[in-house]
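Engineer: Let's see this in three dimensions:
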Amino acid sequence: PSASERILFAMAFLARRAVVAATRSLSTARCLLSEAPKVNSELRKQIIDHPDPVTLDAGIEGRIPDNFEQATGLERQEMVEMAQGNDDPFGLEGVKWGPFGTKTNPRLVPSHFDERVVGCCCDPESEVISYINLQAGEPQACPSCQQYFQLEKTDKAITW
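Structural biologist: Predicted structure coming up:
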């Protein structure tokens, strides 16, 4: 065989090996995906109902744990709170939109502390946000739009 025939043979051989290897990895991936781990609903309920789910040792043997089972610390606490129906376990959501606050009827902003930073979108069409350091006591006005906010101290326990 000539040199060009040997090169073509080598290229065909390598291309065939690449196709076989790629097909093998695809079929392996299909096997792995078809055997996705089953959710152990009893274990999940035990974690959710436990008084201290963060320290609960719920070891998994013989399979790969799902995200809920392998989460630890604050991540697990957040997942447990959300499973119990609390959509905002860390109290970060705040009040997004509502009626315009006036001096007699200000927008109430909940806080566990004596002050909180509040962002006011004076114009919904604008991208500018005015920030106010809202302190407990009298209502405070936004310097841009004169909307009034008042800090409402809450004793609701922080869930974490």
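Engineer: And Val117, which helix or strand is it part of?
Structural biologist: strand 115-120 (DSSP states H and E).
Engineer: now do Phe90
Structural biologist: Using DSSP H and E, no helix or strand contains Phe90.
Engineer: and it, how many neighbours?
Structural biologist: 13 (other C-beta atoms under 10 Å). No exception for glycine: its C-beta is placed from N, CA and C like everyone else's.
Engineer: Gly62 now?
Structural biologist: Gly62, neighbours per other C-beta under 10 Å, totals 4.
Engineer: So it: helix, strand or coil?
Structural biologist: coil (DSSP: H, G, I helix; E, B strand; the rest coil).
Engineer: I'd like to know how far it sits from Val80.
Structural biologist: 24 Å (C-beta to C-beta, to the nearest Å).
Engineer: same question, Lys103
Structural biologist: From Lys103 to Val80 the distance is 42 Å (C-beta to C-beta).
Engineer: Who has more neighbours out of those two?
Structural biologist: A direct count of neighbours by other C-beta under 10 Å for Lys103 and Val80 places Val80 higher, at 23 against 11.
Engineer: The helix or strand hosting that one packs against which elements?
Structural biologist: If you go by DSSP H and E, Val80 is part of helix 73-83. Judged by 3 or more C-beta pairs under 8 Å, 6 or more residues apart in numbering; DSSP states H and E, the packing partners of helix 73-83 are helix 41-49, helix 67-70.
Engineer: Could you give the average pLDDT over the shortest one?
Structural biologist: In this model, helix 67-70 carries a mean pLDDT of 78.
Engineer: other SSEs contacting that helix?
Structural biologist: helix 41-49, helix 73-83.
Engineer: Check these for me: which has the lowest mean pLDDT.
Structural biologist: Among the helices and strands packed on helix 67-70, helix 41-49 scores lowest, at a mean of 76.
Engineer: Just the buried residues of that helix, please?
Structural biologist: Leu43, Arg44, Ile47 (16 or more other C-beta atoms under 10 Å).
Engineer: isn't the first one right up against Gln70?
Structural biologist: Put plainly, it is Leu43. No: with contact defined as C-beta atoms under 8 Å, Leu43 does not count as touching Gln70 (11.6 Å).
Engineer: Name the residues contacting each of the two.
Structural biologist: Ile60 (C-beta atoms under 8 Å, 6 or more residues apart in numbering).
Engineer: what bits of the protein have low per-residue confidence?
Structural biologist: Where the chain drops to pLDDT under 70, the residues are 1, 14-15, 17-40, 53-59, 91-92, 94-96, 156-160.
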